[in-house]
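Participant: I would like to see how this sequence folds:
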Amino acid sequence: MEPKTKAAGDSRRLFVFNAGFFTRPRLRRILELAGWSPRLGLPGPGDCVGIWGASPTAWRGKAMAARRGGRLVHVEDAFLRSVLPGRAHGAVASRGPIGLLIDPIGLHFDPGAPSLIEMLVRDPDTLALRQAARAAIDRLIAADLSKYNAHLPQAAPPPSGYVLVIDQTRGDASLLGAGRADFLAMLQAARDENPGLPLVVRSHPETAAGLRPGHVGPADLRPGERFCDGPVSPWALLRGAARVYAWSSQLGYEAILAGHRPRIFGQPFYAGWGLSDDRHAFPRREPAPVEALFAASHLRAPVWYDPCLDRLTDFEGALRQIEAEARAWRQDRDGHRAYGIRLWKRPFVARFFGSGKGVRFVAKPDPQVTLAWANRAAEVPGALRIEDGFIRSRGLGAALVPPLSLVADDLGIYYDPGRESRFERLMAEPVPPGGRDRAMRLARLLAQSGITKYNLAGPPPALPAGHRILVPGQVEDDASIRLGAGEVRTNLALLQRARAENPDAVLIYKPHPDVEAGLRPGLIPEAEMARLADVVARNTGADALMAQVDQVWTMTSTLGFEALLRGLPVTTLGAPFYAGWGLTRDLGRIPERRRAQADLATLAHCALIAYPRYFDPASGLPCPPETAVARLCDPAFGGAGGAAVRLLAKTQGAFSSYAWIWRR
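Facilitator: Prediction:
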């Protein structure tokens, strides 16, 4: 993406007269990263004066700029902002915007003068982004994201075929003085122009949340007309609408993106381009493709921010972040009662699932439990089953290193082939727009960066020449073995089978890190390892080994999935989550449910993007997988959890036979 637009002139000082520029940390940080230096004081001729849109305090900056010969810079939220409105209460609402419109030309919702968006729509460089813009529009709609994102996928819209009339909050600056009478007139026009069609009025999210009044209420509707103030997705509403009426709402713009030609009664930035039926004329604007308008409004004009890595990003980076935050909020909004969580895991589980009303841990199962560690979930039917994800940490779970990713499965769990899991459902669904390319980029990044589940370092031993087969050991009492292994259920039996079917191959046996560390069962007697394996790769990173072998044989190890991402042939003797899709040679028993064929992009998207949740410990925010990878690639990122955790891990190892201590 191109460099962010800067204000005219050489001065980057931004004199402001609104306390919000200093009391809202994220707002100030985005400005600083964009090259501005907010400050108090008197501007000189040519200095820039920042004002927040057309807020009640904007007059101060305007007056000071006029008096001192300064140049106005308008600052506003970008069109993809946050999960909850900024006026809402709580930690999620206080995070601030994910992006800003920093406009040194004008104000996008004031048609009296040109604005940055308006200028960019006509810029030849914007037309060159039409293909990228179309892909981004499809991605935005598939991700079900809007400016605010407190809508819920399970909230159903009214039966399709209605006329959608969009209300807004009273006093909104984009209304340019329009009030209740104007909205009632728009409502009547919708009735008159669409006789016989049902009518639905959509309230603004801030009105629905009780934060600001709107213009139209249930009392203004006639029998048969509906008022929609529930958490229904705006894109779901638009899919069911026959016609759309708006004043200047962003939902009117999204109607254009969704393929509608809305009736527009106000003067928003998206009117006048030949994409809507406009009540007003816009002499400066000429017909433009929707991709050019979107490229200007979402790809070029905003300054997008990555709050986890504390740096500027592009639209896709911002969308991924809000997608992760919205997903976490939707799952956590009502709070959780958690059962079966070991003592040392509780702090990170509380943070991981804390995007709502928090997590309460209980010692006994009850019908209100909503979260349970997967191996205890049978005691609380209906709870989300949680387990480590596939990009986990820099260190072992048995060493009490907290994970960067967890899965929360409402159906089963990925390592149990005995029942359907959410992972299997995802594998049966189409990959969303952009998902295939994103998944394969992520897979390549993992391989190039040498990232595996635990990311333990260690040079590989010298390997003999020949056809090399990597045989990863596993923890023999692990749930994936108990539930997913076939006739071969021990590391010794695995090694014996691999040798029997590959008598002339070079077998490299890699003990599981937890077993090698003495924390879990699964040791093979030294004499047997020496007899069956050509090389025993102790304390060796999995990535370094996979770079030097020709194939992998495994029971159910996640290393088999990592091998697939690196293009290695994989033979499975059990039924791991990645088996049965036509990507592996399966010698074990695979559920009939998995007979559908899939490609590597689908598997990578489900396993790395759609199924797990990720949490950034540095910022304390939900994050996309790309952020987790960035953390693991950062040498300064520590994953071990400190001396106290290391001491507890050693204690757990010494008392590993007393499992009841660690399963409280």
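
Participant: doesn't Ile322 make contact with Leu80?
Facilitator: Yes - the pair formed by Leu80 and Ile322 meets the contact definition of C-beta atoms under 8 Å, at 6.0 Å. Where C-beta positions appear, they are placed from N, C-alpha and C, glycine not excepted.

Participant: what touches both of those two?
Facilitator: Ile98, Leu145 (C-beta atoms under 8 Å, 6 or more residues apart in numbering).

Participant: Tell me the residue in the protein that is farthest from the middle.
Facilitator: Ala527 (48.6 Å; C-alpha atoms, centre = their mean).

Participant: That residue is in what secondary structure piece?
Facilitator: Using DSSP states H and E, Ala527 falls within helix 526-532.

Participant: Would you mind writing the CA trace of that helix as PDB?
Facilitator: Taking Å, rounded to 0.1, in the frame of the first residue of the first chain, the C-alpha atoms of helix 526-532 are listed here in PDB:
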ATOM      1  CA  GLU A 526      17.200 -47.000  24.200                       C
ATOM      2  CA  ALA A 527      17.900 -50.500  22.800                       C
ATOM      3  CA  GLU A 528      14.700 -50.400  20.800                       C
ATOM      4  CA  MET A 529      15.400 -47.000  19.400                       C
ATOM      5  CA  ALA A 530      18.900 -48.000  18.400                       C
ATOM      6  CA  ARG A 531      17.600 -51.100  16.700                       C
ATOM      7  CA  LEU A 532      14.700 -49.400  14.800                       C
END
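
Participant: Report the buried residues of it.
Facilitator: Met529, Leu532 (16 or more other C-beta atoms under 10 Å).

Participant: Does anything pack onto it? Which helices or strands?
Facilitator: On a contact count with 3 or more C-beta pairs under 8 Å, 6 or more residues apart in numbering; DSSP states H and E, helix 526-532 meets helix 491-501, strand 506-510.

Participant: contact partners of that helix?
Facilitator: The contact list for helix 526-532, computed with C-beta under 8 Å, 6+ apart, reads Leu492, Leu495, Gln496, Ala498, Arg499, Leu507, Tyr509, Val536.

Participant: hmm, which two among those residues are most spread apart?
Facilitator: The largest separation in the contacts of helix 526-532, counting by C-beta to C-beta, is between Gln496 and Val536 at 14.9 Å.

Participant: just to revisit the earlier point, average pLDDT for the helix holding Ala527?
Facilitator: Helix 526-532 shows a mean pLDDT of 95.

Participant: What ranges does the stretch 201-350 of the chain have for its helices?
Facilitator: Listed in chain order, the helices of the stretch 201-350 of the chain (DSSP state H, counting those that start in this stretch) span 205-208, 234-240, 250-257, 290-294, 315-332, 346-352.

Participant: For the ones you listed, please prepare JSON lines with the additional fields mean neighbour count, distance to Gln168 and mean pLDDT.
Facilitator: Listed next are the helices of the stretch 201-350 of the chain as JSON lines, based on neighbours: other C-beta atoms under 10 Å; distance: least, C-beta to C-beta, whole Å; pLDDT from 0 to 100:
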{"stretch": "helix 205-208", "mean neighbour count": "21", "distance to Gln168": "8", "mean pLDDT": "95"}
{"stretch": "helix 234-240", "mean neighbour count": "20", "distance to Gln168": "13", "mean pLDDT": "98"}
{"stretch": "helix 250-257", "mean neighbour count": "24", "distance to Gln168": "9", "mean pLDDT": "98"}
{"stretch": "helix 290-294", "mean neighbour count": "23", "distance to Gln168": "20", "mean pLDDT": "98"}
{"stretch": "helix 315-332", "mean neighbour count": "22", "distance to Gln168": "22", "mean pLDDT": "98"}
{"stretch": "helix 346-352", "mean neighbour count": "17", "distance to Gln168": "36", "mean pLDDT": "94"}
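
Participant: Out of these, which gets nearest to Ala190?
Facilitator: With C-beta to C-beta as the yardstick, what comes closest out of the helices of the stretch 201-350 of the chain is helix 250-257 (12.8 Å).

Participant: Pull the closest one out as CSV, backbone CA atoms only.
Facilitator: Provided in CSV are the C-alpha atoms of helix 250-257 (Å, rounded to 0.1, in the frame of the first residue of the first chain):
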residue,chain,number,x,y,z
GLN,A,250,-22.7,4.8,6.2
LEU,A,251,-25.2,2.0,5.8
GLY,A,252,-26.3,3.8,2.7
TYR,A,253,-22.8,3.5,1.4
GLU,A,254,-22.7,-0.2,2.3
ALA,A,255,-25.9,-0.6,0.3
ILE,A,256,-24.0,0.6,-2.8
LEU,A,257,-21.2,-1.9,-2.0
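
Participant: i'd like the first residue to be 248 from this point on
Facilitator: That works, and once the first residue is 248, the last one we named lands at helix 497-504.
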